[in-house]
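K.L.:
task: produce atomic coordinates for the following.
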Amino acid sequence: MTTTAKLDMDTRMQRPLAGKTAIVTGSTSGIGLGIARSLAEAGAHIVLNGLGDQDEIKRTRDMLQESSGVTVAFDGANLMDPVDTAAMVERSERLFGRVDILVNNAGIQHVSPIEEFPAAKWDAIIALDLSAVFHATKAAFKGMKERKFGRIINVASAHGLVASPFKSAYVAAKHGVVGLTKVTALEGAEFNVTANAICPGYVWTPLVEKQIDDQAKAHKISREQVIRDVLLINQPNKKFATVEEMGALAVFLSSDMAASITGTALPVDGGWTAH
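P.N.:
Just a heads-up that it's a prediction; the model follows:
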C-alpha cells in the first residue's frame, strides 16, 4: 500500500462520514446535541433543529462548526407541523445538495394515570414523538432511495420495548417508532437505505441532573438514593448511559460498516430490557 493510499484510509477511518449531510432533530441540547457532535466529528455536515434561546443556539452552532471543521446549519422547523417538518428536509437538501442521514430524536414526555391523562398532552406527544418521525422520514426517503444511500436513525427508548405505568402516550409513541423503523427498513433494504432505532434507558443530561435534585427534595432522600432506587431502579448496571455512547452508536449506524444492520431496535439501557 502506498503512503497516499494509507493516508486516505486513515482519514476515512477517522472521519467515516466525510462529505455526508445529517439532520438531527431535537439537537440543541442533551442526547440530540451529543449525537450531532459525534456525527460532525466523524465528518458529516450538520443541520441542527430544536428549541432554545436563539443566541445560545448560535453559540452552539458556531462552536460545533469550529471544533469539527464541518458546516453546521440550524433549522427552526416546528416538528408539530407536518408541512414544516417536510420543508425542513427540503431546505436542507437545497442547502447541502442532499440529506444522507436523518436522526429523529426530538421528543417530549408527560406522566399521568390513564384516567387523568390530558387529551392535549396525548396529542402533543404522539405528534412530536411519533408523527414527526414519519413526516421527516417520508420527506427524506425518496432522495435517499434515488441516491442509493441513506441512514435513518430513530431515537426511541427502552419504553419502545417495555412499558412503565403512567406513561401511556410516551410508551405508545415509542413502540410506534420501533414499528415504523422496521417498515422503513424493509422498504429501503434494496436501496442501501437502512433504518434502526436506538433505545436508551436513562442517559446523563442536564435535564436528568435537574430531575435528581427535584426528586431528592420531593422524597427527602439523598441524590445517591434517587439515582439508585428511583431513576436507575430498572437499569441493572446502575449507571447512566452517556450522550457520547449515543453519538458513537449513531456514527457506526451511519457508516458503510453498518450497511447490513437494519430494522433493529438497539437497547442502550444497562440491561433494563434484558429482564
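K.L.:
for the protein, what's the longest helix?
P.N.:
Under DSSP state H, the helix in the chain containing the largest number of residues is helix 168-188.
K.L.:
in it, which residues are buried?
P.N.:
168-178, 180-182, 184-185, 188 (16 or more other Cβ atoms under 10 Å). Glycine gets a C-beta too; all of them are placed from N, C-alpha and C.
K.L.:
same check, this time on stretch 265-274
P.N.:
Going by neighbour count (16+ other Cβ under 10 Å), the buried part of stretch 265-274 is Ala265, Pro267, Val268, Asp269, Gly270, Trp272, Thr273.
K.L.:
repeat that for stretch 120-138.
P.N.:
Of the residues in stretch 120-138, those with enough neighbours to count as buried (16+ other Cβ under 10 Å) are 121-122, 125-137.
K.L.:
tell me the one of these nearest Pro200?
P.N.:
Among the buried residues of stretch 120-138, Asp129 lies closest to Pro200 (Cβ to Cβ), at 13.7 Å.
K.L.:
the closest one: what secondary structure?
P.N.:
Under the three-state scheme (DSSP: H, G, I helix; E, B strand; the rest coil), the conformation of Asp129 reads as helix.
K.L.:
hmm, Lys174 and it touching each other?
P.N.:
Yes - applying Cβ atoms under 8 Å as the test, Asp129 and Lys174 come out as touching, 6.7 Å apart.
K.L.:
Phe74 and Gly201, how far apart?
P.N.:
When distance is defined by Cβ to Cβ, to the nearest Å, Phe74 is 29 Å away from Gly201.
K.L.:
who's more crowded, these two?
P.N.:
A direct count of neighbours by other Cβ atoms under 10 Å for Phe74 and Gly201 places Gly201 higher, at 23 against 17.
K.L.:
which residue is nearest the middle of the chain?
P.N.:
When the chain is reduced to its mean C-alpha position, the closest residue under Cα atoms, centre = their mean turns out to be Asn105, at 3.2 Å.
K.L.:
what distance do you get for that one to Gly271?
P.N.:
Remark: distance between Asn105 and Gly271 (Cβ to Cβ) = 23 Å.
K.L.:
now Gly150
P.N.:
31 Å.
K.L.:
okay, domains of the protein per the record?
P.N.:
3-203+241-274, 204-240 (automatic domain parsing).
K.L.:
now, of those domains, which is deepest in the fold?
P.N.:
Between those, the one whose residues have the most neighbours on average, counting mean count of other Cβ atoms under 10 Å, is domain 3-203+241-274 (a mean of 19).
K.L.:
what's the closest residue to Ser254 other than its chain neighbours sitting at in phi/psi?
P.N.:
If you skip the residues right next to it in sequence, Ser254 has Arg151 as its closest partner in space, 4.4 Å away by Cβ to Cβ, 6 or more residues apart in numbering. The phi and psi values for Arg151, taken as degrees, to the nearest 10, are phi -130, psi 110.
K.L.:
who does Arg151 form a beta bridge with?
P.N.:
Residues in a beta bridge with Arg151, per DSSP bridges, are Ile101, Thr194.
K.L.:
go on, Cys199?
P.N.:
Checking Cys199 by DSSP bridges, which sets the bridge assignment, gives partners Pro267.
K.L.:
wait, isn't it in contact with Ala265?
P.N.:
Yes - taking Cβ under 8 Å as the contact criterion, Cys199 and Ala265 are neighbours in contact, 5.3 Å apart.
K.L.:
which residues are in contact with both of those two?
P.N.:
Among the neighbours of Cys199, those also in contact with Ala265 (Cβ atoms under 8 Å, 6 or more residues apart in numbering) are Ala156, Gly160, Leu161, Val178.
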